[in-house]
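A.B. asks: when you get a sec, could you give me coordinates for this:
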Amino acid sequence: MSRVGKYPVAVPSGVTVNVAAGAVTVSGKLGVMALPIGDDVEVQIDGNKVWVKPRHEGKRARAMWGTTRANLRNLVVGVSEGFTRKLDIVGVGYKAAVQGRNLSLALGYSHDVLYPIPEDIQIKCDTPTAITVSGASKQRVGQIAAEIRSYRSPEPYKGKGVKYANEWILRKEGKKK
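C.D. replies: Predicted structure coming up:
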């Protein structure tokens, strides 16, 4: 039995949830998002709560029960509050700046790396070594943060590179004489 799926998704004020043929549409102050619903689960709205139930007792239905509930909760939180990922840049001369709809990264290469910012994502640089990626979709925010991090992943000897703010880098000892 799903431990996640048996709990309802609370819908805050200002968010509307509609169940249509094969999809759930969630709208809020940060936009409108839709989630396709498979044949294995059904979604019911009860006041300000949304319940996800399996249609049968098969293994796939039980798996999709918890997955659908978690994805539905991410949609509700995304359109009401949004998601944020913070990145830190470590290294001498490494810095970032937002220039129009591009993120300019100086990461020790012979040229600056220009990353075009998608329309549904906001990127801010509060300091030259801190990047904040935010948006309504948890998947998109995580994907964009991972793409930015991949330009210069942190190395284990000095820790230089782009890392998540809460990431702990396993450090190695250097060469000995």
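
A.B. asks: how is the chain divided into domains?
C.D. replies: According to automatic domain parsing, the chain comprises the domains 9-80, 83-164.

A.B. asks: contacts only, for Gly58.
C.D. replies: Asp40 (Cβ atoms under 8 Å, 6 or more residues apart in numbering). Yep, even glycine has a C-beta here, placed from its N, CA and C like the rest.

A.B. asks: measure it to Lys6 for me?
C.D. replies: 17 Å (Cβ to Cβ, to the nearest Å).

A.B. asks: rebuild the domains of the chain as JSON lines, extending it with mean pLDDT and distance to Lys176.
C.D. replies: Shown next, in JSON lines, are those (pLDDT from 0 to 100; distance: least, Cβ to Cβ, whole Å):
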{"stretch": "domain 9-80", "mean pLDDT": "93", "distance to Lys176": "48"}
{"stretch": "domain 83-164", "mean pLDDT": "96", "distance to Lys176": "13"}
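
A.B. asks: mind putting these in CSV, distance to Lys175 included?
C.D. replies: As requested, these are arranged in CSV below (distance: least, Cβ to Cβ, whole Å):
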stretch, distance to Lys175
domain 9-80, 46
domain 83-164, 10
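
A.B. asks: mind listing what's buried along stretch 75-88?
C.D. replies: Leu75, Val76, Val77, Gly78, Val79, Ser80, Gly82, Phe83, Arg85, Leu87, Asp88 (16 or more other Cβ atoms under 10 Å).

A.B. asks: ok, now stretch 23-38?
C.D. replies: Here stretch 23-38 shows Val24, Val26, Ser27, Gly28, Leu30, Met33, Ile37 as buried, counting by 16+ other Cβ under 10 Å.

A.B. asks: then stretch 48-55?
C.D. replies: Within stretch 48-55, judged by 16+ other Cβ under 10 Å, the buried ones are Val50, Trp51, Val52, Pro54.

A.B. asks: name the residues that touch that stretch?
C.D. replies: Stretch 48-55 is contacted from outside by 2, 5, 8-13, 17, 24, 39-45, 61-62, 64-65, 68-69, 72, 76, using Cβ under 8 Å, 6+ apart.

A.B. asks: the nearest residue to Tyr94 once chain neighbours are set aside: how many residues sit nearby?
C.D. replies: Excluding the flanking residues, the one nearest Tyr94 by Cβ to Cβ, 6 or more residues apart in numbering is Leu107, at 5.5 Å. Residues near Leu107, counting by other Cβ atoms under 10 Å, number 18.

A.B. asks: how near is Leu107 to Gly174?
C.D. replies: On the measure of Cβ to Cβ, Leu107 and Gly174 end up 22 Å apart.
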